[in-house]
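*Asks:* Generate a structure from the sequence data that follows.
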Amino acid sequence: MLTSCINNTYSSKNNFTYSAKGFAKIENQSSTNLNGNSFVQHNKLKSGTKIRLINPANGKSLETLIKKNVKYNDFYKVLISKDTAQVLGLDFNFPYVEINEIKVNKSFIAKKAITETVEKKIANNAPITKINIDNLSKPKKVKKGKFNSYSILVTEFYSLKSAEILKKKLETILTSSNYNLIYISKKNEKSYKLLMGPYNTINKLKNDYIALNDSNFEDLDIIIND
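*Replies:* Coordinates of the predicted model:
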């Protein structure tokens, strides 16, 4: 089993340890009773963790602390209050946000790249065991603007053959109405993305995300389509 950093991106430049992009779950809870701090909760990060929230659509950002560690579906990357969403200028229909942990300790551990041999073994066995695949790319700055559709990034491979094997596995798991959404995108000569989409409604995206997660695919990512 391989360790994934799709939702845990390491960056020596920005000193972040946890990094994720996806949809926020917006609650009606107000921040006014929290001593001026934004009401932010997370299902992985501990209470008191310092983070930066970013709205890629307009570039607005907010530095704050995790108020509490709570349980919620992994489809959501963070739980925030309505007024925090308003400060960031999020689209309430598609509250897409980036969350980065601000690392206090400047040291970090870089993970080694995975090999094609191990990729093929994982792809052939999927989804018998839980699947965690390393993200092969460095964090990419998102262009500002209005976003019309999104896709689920299942994983990235060095090998096109490995991506095709896992694509066929997914087609046997998903329903006939959804398997046609699976596709492979060539990022460059040495990297292939396995995705599902595009989606223009959050409910369908959420349903397929949960279906993949329930089939033991972990650390899925949600990306903005160009």
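*Asks:* quick one: secondary structure of Lys204?
*Replies:* Three-state assignment for Lys204 (DSSP: H, G, I helix; E, B strand; the rest coil): helix.
*Asks:* ok but Lys187 is inside a strand, no?
*Replies:* Yes - counting by three-state DSSP, Lys187 is part of a strand.
*Asks:* how about the nearest residue to it, chain neighbours excluded?
*Replies:* Lys193 (5.6 Å; Cβ to Cβ, 6 or more residues apart in numbering). Where you see a C-beta, it was placed from the backbone N, CA and C, and this is true even at glycine.
*Asks:* What's opposite the one you found in the beta bridge?
*Replies:* Beta-bridge pairing for Lys193 (DSSP bridges): Glu156, Ser185.
*Asks:* burial of it, as a residue count?
*Replies:* Look at Lys193: counted by other Cβ atoms under 10 Å, it has 20 neighbours.
*Asks:* so what pLDDT did it get?
*Replies:* Note on Lys193: pLDDT of 92.
*Asks:* how about the helices of the chain, start to end?
*Replies:* 82-88, 116-125, 160-173, 202-214 (DSSP state H).
*Asks:* now for the shortest one, which elements pack on it?
*Replies:* Using 3 or more Cβ pairs under 8 Å, 6 or more residues apart in numbering; DSSP states H and E as the contact criterion, the elements in contact with helix 82-88 are strand 16-27, strand 50-54, strand 61-65.
*Asks:* mind running it again at 7 Å?
*Replies:* strand 16-27 (3 or more Cβ pairs under 7 Å, 6 or more residues apart in numbering; DSSP states H and E).
*Asks:* same thing with the longest one?
*Replies:* The helices and strands touching helix 160-173, judged by 3+ Cβ pairs under 7 Å, 6+ apart, are helix 116-125, strand 182-188, strand 191-199.
*Asks:* Go again with 10 Å.
*Replies:* helix 116-125, strand 150-157, strand 182-188, strand 191-199, helix 202-214 (3 or more Cβ pairs under 10 Å, 6 or more residues apart in numbering; DSSP states H and E).
*Asks:* I appreciate the help and will end here.
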